[in-house]
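# Show me the folded form of this:
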Amino acid sequence: TTTTTTTTLPPGIVLFRIRSGTSTPLVDGHGLTWSGDMLYGNDTSARAVANTPLTNQDANTSALFYYERFAKASAPQPAVFYRLPVPSGYYTVRLYFAETSTIAVGARVFNIEINNITYVWNVDVAKAVGIATSYTVTIESVPVTGGSVDIALQRITGNPKISAVEVISGDDSHARQPLNTTIPYSGLRIRCGNYQDLVDAAGNTWVGDAFFDGTTRARGVATTTSLNTTADLWPLYFYERYSSNTAAPPTFYTIPVVPGVYTVSLHFAETSPIDVGARVFDVAINDITYFFDLDIARTVGIGRVLIETVSGLAASDGVLRIALVRRSGNPKISAISFNRTAASIPTTAATTATGRYTLRIRSGNTLAGVTDSLGQVWSPDTYYLAANSKARSVAETTIAGISPDLWPLFFYERFVPATAANTSVYAIPLAQGLYNIKLYFAETSSIAVGARVFDIVINGVTQISRLDIAAVAGVGSALVVTIPHYAMATDGPLTIGLGRVAGNPKISAVEILQTSWSEHINATAVSSVRINAGSSVAVTDGSNNTWLPDNYYVPDNTRDRVVAHVSLTNASADTWPLFYTERYLVDPASSDDVYRIPFVPGTYALTLYFAEIFYNPTVPRVFDVLVNGAVVIPALNIYHEGGLFSVVAKTVTGLQPVDGFFVIALRSIQGRPKINALSIQPM
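Numbers count the residues shown, from 1 in each chain. Next comes the predicted model:
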């Protein structure tokens, strides 16, 4: 029987003090004895260097740096410099360096590994302290279980070298605690770029770097004592993880977490001088960009800490993916902290309104919905197909063509990434029936016409071909595409697909309103009606008149849309909602029926209401209004009649239904005809 005994030495015992590069021992200026070089690796060589007195050492101690051990040009990387036998336990390892001759910053850069773990990155002695000044790296609580302290230097540029080595028995007070990288976490603090744990003054442990992407790199940076945080946290910002590979994916960390809602804080600092604009990047978590064009130097300056926090972040798939997307320079991060604030991720099912199924979805934001000025609730993103699509936030900007209360819909979006094999974005369970489908789009940032082109596909059938948001609406304007009276023949999912032609297809919101043919044809004849054109909600004005949700329209010829919610100069506020929506002709060069309304026999007055919210002088809007085939309002130009933000009301009297209907048509002369509201009352 063989028994293995593990001996743990008491702290403070010096096991090795080695003078590298020479067999001659040395007693330094502090009375410490350094042995001659020993136990070094075969891929290294020894040499004498310039006997330059060091600026921070006495003459005797300076002599410690007049010899050195360096890696051979043919050495494998990393090159093992020393293999020092020690009992199992924890050790403090001190490594001594100096550049005694002139060398450019960046000419000799290397990482330090101990027992196959990188503890310090991008050591550049010339950059850190200059020439003829000693530089000491101390690594505490190094765990040893294999019987030796193996010291290796990984070449970045030039030949790594070392002047002296010291190994002292220690304890685990600064050790990195074992971190299970497979179990999910509900809270963690990560020290980026350094594998050693850090315990702050509050007793919080910042674990050594973990869960990082292999394409990123770690490094130590300039140490400073002027950071705007407590001194116990300064070391967090003396190391960082960064990416210098422009071809690498932007993901820095993929952290397993318990599904739920999280608050995530990301820590940054520029500890060395850098120009504003030299390092700019976006920050995305779980494929949603939360911070655009982050520039640490611009935001807080040099030597100042910047902490960016995201609250209410949903991690439904059990991971936090943190990505830094390069705009200029090398993205970097110093520390990460997160904690779970709620166990469940909010979901909002479809609601019913006025007895009809209604669903409104805010695409790209899985947590927060939007309630518009009409009280309509747009639920957080739901029914999306995560395998085919991703969510992200985009530039927050004013959105023309739609009311400000709906602008937040366009600050997030769901898009089809280039890697998606399937372009179906949503699968929404619907009962058999008839539905109006509205899809909302906007380009919030500059994009060329033709750069993003896609088809809109419903249940496998292309409904709109080659949609180009920039070409149709321009940048910064809302585009609402309506697919009226879509028939679900059976119960099942309504799949919405965005078929790529160019670029990555995307969508900002989805609205589904149940309807029926009986609302438009073969309906019961009425004796009066007021209609809120283009809207799915009723409006009651100050005179207690009810304006019905849009009804009796001709779906093949027209579309509805939401326009800007503005104050109107010549109408009472209770009627303004009538002008927040409109119905317009699909073909701007046509003459088409817009409404077919069944009426009982009689004589009636028709009043049509218009408001020009936008005016393009190069394409004025001029059109005729026809009732039962006869022109009743010729060459109407809303802008010339009332200007911007002013109601234009046109009344025609003495009208009688033909064959039981009033058929209202618009005929374009220039531009696209439209209508905001109508009233037909008996005379």
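# How about I114: what's its closest non-neighbour residue?
V142 (5.4 Å; C-beta to C-beta, 6 or more residues apart in numbering). Just so you know, the C-beta spots here come from the backbone N, C-alpha and C atoms, and that holds for glycine as well.
# thought that neighbour was touching Y91?
Yes: applying C-beta atoms under 8 Å, one finds V142 in contact with Y91, separated by 4.9 Å.
# Touching both of these two, which residues are there?
V149, G170 (C-beta atoms under 8 Å, 6 or more residues apart in numbering).
# which stretches of the chain form helices?
Assigned by DSSP state H, the chain shows helices spanning 59-62, 125-128, 296-300, 469-473, 638-642.
# hmm, who's touching the last one?
Which is helix 638-642. Residues from elsewhere that reach helix 638-642, judged by C-beta under 8 Å, 6+ apart: N570, F610, A611, E612, Y615, P620, R621, V648.
# Can you tell me which of the helices of the chain is nearest to R219?
Closest of those to R219 is helix 125-128, at 10.9 Å (criterion: C-beta to C-beta).
# What average pLDDT does the closest one get?
Mean pLDDT, helix 125-128: 85.
# buried sites along it?
By 16 or more other C-beta atoms under 10 Å, the buried positions in helix 125-128 come out as V125, A126, K127, A128.
# follow-up on the earlier one: tell me, how many neighbours does the residue nearest to I114 end up with?
V142: 23 surrounding residues under other C-beta atoms under 10 Å.
# And for Q432?
Q432, neighbours per other C-beta under 10 Å, totals 10.
# Begin at 36, not 1, for the rest of this chat.
In the new numbering, first residue 36, that becomes Q467.
# Does it touch M523 like I think?
Yes: shown here, Q467 and M523 form a contact pair, counting by C-beta under 8 Å, at 5.3 Å.
# what's the closest residue to P294 other than its chain neighbours sitting at in phi/psi?
Spatial nearest neighbour of P294, chain neighbours left out: G353 (5.3 Å); criterion: C-beta to C-beta, 6+ apart. Note on G353: its backbone torsions stand at phi 80, psi 20 [degrees, to the nearest 10].
# Any chance of the backbone angles for P88?
phi -60, psi 140.
# How about R656?
Here is the backbone geometry of R656 (degrees, to the nearest 10): phi -100, psi 110.
# Can you give me the distance of it to S681?
14 Å (C-beta to C-beta, to the nearest Å).
# same thing with Y131?
Y131 is 82 Å from S681, by C-beta to C-beta.
# higher neighbour count, these two?
The residue with more neighbours, out of Y131 and S681, is Y131; 22 against 17, by other C-beta under 10 Å.
# Bridging across strands, which residues link to the closest residue to the more buried one other than its chain neighbours?
Spatial nearest neighbour of Y131, excluding adjacent residues (C-beta to C-beta, 6+ apart): A199 at 3.9 Å. Counting by DSSP bridges, A199 is bridged to R54, Y131.
# quick one: buried residues of stretch 633-640?
P633, F634, Y639.
# Just the mean pLDDT for it, thanks.
So the average pLDDT for stretch 633-640 ends up being 93.
# that older thread, can I get the contacts of helix 673-677 in TSV with pLDDT?
TSV is the format used below for the contacts of helix 673-677 (pLDDT from 0 to 100):
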residue	pLDDT
N605	90
F645	95
A646	92
E647	89
Y650	67
P655	79
R656	86
V683	95
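# Determine which two of those residues are furthest apart.
Maximum pairwise distance among the contacts of helix 673-677 (C-beta to C-beta): 20.8 Å, between N605 and P655.
# So which of the two has more stuff around it?
The residue with more neighbours, out of N605 and P655, is P655; 15 against 12, by other C-beta under 10 Å.
# and the more buried one, what does it touch?
P655 touches N672, Y674, Q705, G706, counting by C-beta under 8 Å, 6+ apart.
# buried subset of these?
Buried among those by 16+ other C-beta under 10 Å: N672, Y674, G706.
# and the gap between the residue nearest to I518 when sequence neighbours are not counted and N457?
In space, and not counting its chain neighbours, I518 is closest to I472: 4.3 Å by C-beta to C-beta, 6+ apart. Distance check for I472 against N457: by C-beta to C-beta, it reads 20 Å.
# Those two: which has the busier surroundings?
I472 (21 against 12).
# Across the sheet, point out what pairs with that one.
Going by DSSP bridges, I472 forms beta bridges with I518, I547.
# Same question for the one 4 residues further on.
When bridges are called by DSSP bridges, F476 pairs up with L514.
# what's the neighbour count on it?
Residues contacting F476 under the criterion other C-beta under 10 Å number 25.
# Could you report the pLDDT at it?
The model's pLDDT for F476 equals 94.
# contacting residues around it?
L502, I504, A508, A513, L514, V515, V516, K541, I542, S543.
# quick one: the nearest residue to the fourth one once chain neighbours are set aside and T616, what's the gap?
Of all residues not flanking A513 in the chain, I437 sits nearest, at 3.9 Å (C-beta to C-beta, 6+ apart). With distances defined as C-beta to C-beta, the gap from I437 to T616 amounts to 10 Å.
# follow-up on the earlier one: so what's the residue nearest to I149 up against?
Y125, Y126, T127, V128, I149, N150, Y154, V184, G205.
# among those residues, which ones are buried?
For these, buried by 16+ other C-beta under 10 Å: Y125, Y126, T127, V128, I149, N150, Y154, V184, G205.
# W611: which of those is nearest?
W611 lies nearest to Y154 out of the buried ones among the contacts of V177, by C-beta to C-beta, at 66.3 Å.
# doesn't D244 make contact with the closest one?
No: the criterion here is C-beta under 8 Å, and Y154 misses it with D244 at 10.3 Å.
# Quick check: neighbours shared by the two?
By C-beta under 8 Å, 6+ apart, the residues touching both Y154 and D244 are N229, Y230.
# okay, S480: pLDDT?
90.
# That one - nearest residue in space that isn't next to it in sequence?
Per C-beta to C-beta, 6+ apart, closest to S480 is A430, 4.9 Å.
# ok, now how distant is that neighbour from P120?
60 Å.
# Those two: which has the busier surroundings?
Neighbours were tallied for A430 and for P120 using other C-beta under 10 Å; the higher tally belongs to A430 (14 against 11).
# Dump the helices of the chain to CSV, plus distance to I493.
Shown next, in CSV, are those (distance: least, C-beta to C-beta, whole Å):
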stretch, distance to I493
helix 94-97, 79
helix 160-163, 60
helix 331-335, 44
helix 504-508, 18
helix 673-677, 33
